[in-house]
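Asks: let me see the structure of the following:
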Amino acid sequence: MNQDEQKKQAAHAALAYVEGGIIGVGTGSTVNHFIDALATIKGRIEGAVSSSEVSSARLKAHGIPVYDLNAVGDLALYVDGADESNRQLQLIKGGGGALTREKIVAGASARFVCIADETKLVELLGRFPLPVEVVPMARSFVARQLVRAGGTPVWREGFVTDNGNLILDVQGLEILEPVSLEQQINNIPGVVTVGIFALRPADVLILGTPQGPKTLMPE
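Replies: Purely as a prediction, here's the structure:
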């Protein structure tokens, strides 16, 4: 079973957590499978709050109403993917550049179900370059602070977030204390947010595997 089939498997398994109302929907290749699966039960929900323009367009193409988070308040469920997850379900996210909106919707949701293929589960976060969204005028300043923190930041040239900001991808990190590093980087002036989801980790991780979907809770 290839990686895409594993992603699809995890996405379909997440439908079991959809109980109606308005749900939060993330961004990325695995979430695209979830949106397509969600369309088969769209009569069960009122609509969605989306973390990116790309996901919003896909939801609308399936006839699923998309709402502004300001108009709906807190959500019961958020479904999104991850670039890495440890066994505490602390995540690295933002490979697609939607980390700020993803973090906002995750924070507004009572339950966060993360869907991924089995390669995303790691013992130590940091092999995947850590995305940091920054205000454009602060790019070089933030990069210098990230070097001092032990990383090698690389500007994701030619990419602008849905919020009009830039992304620095930080390579060479071994993230031993995700919560403290999330706080440290978020406190750098000019940082919009960092792609560590440790202060608000996932509640459930569904991994697609050759043996079928596997559900993990935080250890």
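
Asks: which residues are contacting the helix or strand hosting Y78?
Replies: Under the criterion DSSP states H and E, the helix or strand holding Y78 is strand 75-80. Taking Cβ atoms under 8 Å, 6 or more residues apart in numbering as the criterion, the residues outside strand 75-80 that touch it are 14, 17-19, 21-28, 31, 34, 49, 51, 69, 93, 102, 105-106, 108-115. Yep, even glycine has a C-beta here, placed from its N, CA and C like the rest.

Asks: please pick the buried ones from the residues you listed.
Replies: Those of the contacts of strand 75-80 that meet the buried threshold are 14, 17-18, 22-28, 31, 34, 49, 51, 69, 93, 102, 105-106, 108-109, 111-115, by 16 or more other Cβ atoms under 10 Å.

Asks: list the ones among the residues you listed that fall in helices.
Replies: V31, F34, L69, E102, V105, A106 (DSSP state H).

Asks: which residues touch the closest residue in space to the second one that isn't next to it in sequence?
Replies: Okay, so that is F34. Once its chain neighbours are removed from consideration, F34 has its nearest residue in A11; the separation is 3.9 Å (Cβ to Cβ, 6 or more residues apart in numbering). By Cβ under 8 Å, 6+ apart, the residues touching A11 are T30, V31, H33, F34, D36, A37, I115.

Asks: and the furthest pair within those?
Replies: Within these, D36 and I115 form the most distant pair, 12.7 Å apart (Cβ to Cβ).

Asks: and the gap between the residue nearest the centre of the chain and G63?
Replies: To find the centre residue of the chain, average its C-alpha atoms and take the closest one (Cα atoms, centre = their mean): that gives K93, at 4.5 Å. When distance is defined by Cβ to Cβ, to the nearest Å, K93 is 27 Å away from G63.

Asks: I'd like the average pLDDT over the lengthiest strand in the chain.
Replies: Once the chain is assigned using DSSP state E, the strand that runs over the most residues is strand 109-117. Strand 109-117 comes out with an average pLDDT of 98.

Asks: so that strand versus strand 75-80, what angle?
Replies: Going by axes from the mean of the first three to the mean of the last three Cα atoms, to 10 degrees, strand 109-117 is angled at 20 degrees with respect to strand 75-80.

Asks: what residues does strand 109-117 touch?
Replies: 3, 6-7, 10-11, 13-14, 17, 24, 30-31, 34, 74-82, 85, 89, 91, 106, 200-209.

Asks: just checking, what packs against the helix or strand that comes right after it?
Replies: Tracing the chain past strand 109-117, the next element assigned as helix or strand by DSSP H and E is strand 130-134. Using 3 or more Cβ pairs under 8 Å, 6 or more residues apart in numbering; DSSP states H and E as the contact criterion, the secondary-structure elements in contact with strand 130-134 are helix 99-107, helix 139-148, strand 166-171, strand 191-194.
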